[in-house]
Every structure is written in structure tokens, then in C-alpha cells.
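> Following is a predicted model, sequence given first.
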Amino acid sequence: MPKDLKRTALYSWHKEHGGQMVEFAGWEMPVAYERGILEEHLSTRKFGGLFDISHMGRFLIRGSMPSVYAICSNEQFDGT
């Protein structure tokens, strides 16, 4: 893997839980876990799942009232 890959805030959690990391669009991301895809599927069906999307969008909000802005990764809303 390239040495300059970015890591999400959940990187340590993925590694601690056996995440098999791969390069994905410049990020080091988990593709699978040690327990296997079947157990991951069954656990997700039983308890729910979490998909780490922190690598998909970045926003820098400036101004006197940045808290009035609501932003989604696929659209922007300026509060007006």
C-alpha cells in the first residue's frame, strides 16, 4: 500500500476489530473483518450497521454565524 494514504477518525476502531485495510481513492479503508462476511452480515441484520463515510466530504464553514448552515455531502443549503 502507498505510504501517504489518509485515515479516517475510525481507523483505529477498524484495526482493533480486525479490519483488513485496503487502499480506496487515497484512503486506507476496511474491506472485510477477521470474523468473515457471513458473521458481519448476520450481525448487521440483528443489530444494525455503521458505514464510515467520513472520507466522502469535507466542509470549511466561515463567517460570523457558521451554525446557521446545514450541509450534506451531496448538496448545500445556505439557510436562506
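Right, received. Where do you want to start?

> Which positions in stretch 17-32 come out as buried?
For stretch 17-32, the neighbour count (16 or more other CB atoms under 10 Å) marks Gly19, Met21, Trp27, Glu28, Met29, Pro30 as buried. C-beta coordinates here come from the backbone N, C-alpha and C atoms, glycine included.

> hey, which helix is longest across this structure?
Criterion DSSP state H: the longest helix present in the chain is helix 37-47.

> now that one: mean pLDDT?
Mean pLDDT, helix 37-47: 92.

> Confirm that Pro30 sits in a strand.
Yes. Under DSSP: H, G, I helix; E, B strand; the rest coil, Pro30 sits within a strand.

> Tell me what it is bridged to.
Pro30 has these beta-bridge partners by DSSP bridges: Met21.

> Return the distance of it relative to His41.
According to CB to CB, to the nearest Å, Pro30 stands 15 Å off from His41.

> where along the protein do the helices fall?
Using DSSP H, helices in the chain cover 11-16, 37-47.

> which one of these lies closest to Ile53?
With CB to CB as the criterion, Ile53 lies closest to helix 11-16 of the helices of the chain, at 13.4 Å.

> who's in contact with the closest one?
For helix 11-16, contacts defined as CB atoms under 8 Å, 6 or more residues apart in numbering pick out Met21, Glu28, Met29, Pro30, Asp52.
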